[in-house]
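*Asks:* Next come a sequence and a model predicted from it.
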Amino acid sequence: MGRLWRASIWHPDAIPPDEWKYRSLKRIWLPVYDLIAIGAGIWAALFGSPVLHELFDEPLIDTMGILLAVVSTVCLLGVAFPRLWQWEICGKALLVGLLAAYAGAVVLFRANPTASAGFVAFIIVLALPLPIFRLALLGEEIKERREEGA
């Protein structure tokens, strides 16, 4: 158990002093975001949503919900254990794709598009900046590692 603790983002030595400005992002906000996304995936698989039920059959909604929960769990593992940063990159990229596809489907594939579909799409898109920002940070970290190793 101690080994897991030392490998986690919550260990006191996990974040170097020059990155302390990102402490709360890495230790609180990214994990909370991923937990919310896991919950959303589970909720979608169990209950769906009126918008999803208009667009897709139940098995596809369940599959999309499970996929969202699994991808978000991969993201959480990548955040919680910095050595799994490759997992987080893959997970965050897939998460962005899933959310963007969902927003697009809400607007483009409804039989009777309404103004409320646009609002729902905007709310979904509202969830995109944090994972995109995190992907940019991970890209910067990769660049710094390469520069240090060169």
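*Replies:* Yes, it's here. Numbering: from 1, shown residues only.

*Asks:* Okay, the nearest residue to residue 90 once chain neighbours are set aside and residue 38: tell me how far apart.
*Replies:* Once flanking residues are discounted, residue 90 sits nearest to residue 74: 6.8 Å by C-beta to C-beta, 6 or more residues apart in numbering. C-betas here are computed from N, CA, C, even on glycine. Relative to residue 38, residue 74 is positioned 10 Å away (C-beta to C-beta, to the nearest Å).

*Asks:* ok, which stretches of this structure are helices?
*Replies:* 2-7, 23-24, 30-47, 50-55, 58-80, 85-108, 115-125, 129-149 (DSSP state H).

*Asks:* Now do the shortest one, average pLDDT.
*Replies:* Right, helix 23-24. The average of the pLDDT scores along helix 23-24 is 94.

*Asks:* How about the first one?
*Replies:* The average pLDDT within helix 2-7 is 90.

*Asks:* how far does that helix sit from the chain's center?
*Replies:* 24 Å (C-alpha atoms, centre = their mean, to the nearest Å).

*Asks:* I'd assumed residue 87 was in contact with the residue nearest to residue 90.
*Replies:* Yes - between residue 74 and residue 87 there is a contact at 5.3 Å, judged by C-beta atoms under 8 Å.

*Asks:* hey, least reliable of the helices of the chain by pLDDT?
*Replies:* helix 50-55 (a mean of 80).

*Asks:* Just list what it packs against, helices and strands only.
*Replies:* helix 58-80, helix 85-108 (3 or more C-beta pairs under 8 Å, 6 or more residues apart in numbering; DSSP states H and E).

*Asks:* Include mean neighbour count and distance to residue 31 when you put those into JSON lines, please.
*Replies:* Shown next, in JSON lines, are the helices and strands packed on helix 50-55 (neighbours: other C-beta atoms under 10 Å; distance: least, C-beta to C-beta, whole Å):
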{"stretch": "helix 58-80", "mean neighbour count": "19", "distance to residue 31": "6"}
{"stretch": "helix 85-108", "mean neighbour count": "18", "distance to residue 31": "11"}
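
*Asks:* so what's residue 70 closest to, chain neighbours aside?
*Replies:* That would be residue 41: by C-beta to C-beta, 6+ apart, it lies 7.4 Å from residue 70.

*Asks:* Since that was my last question, I'll sign off now.
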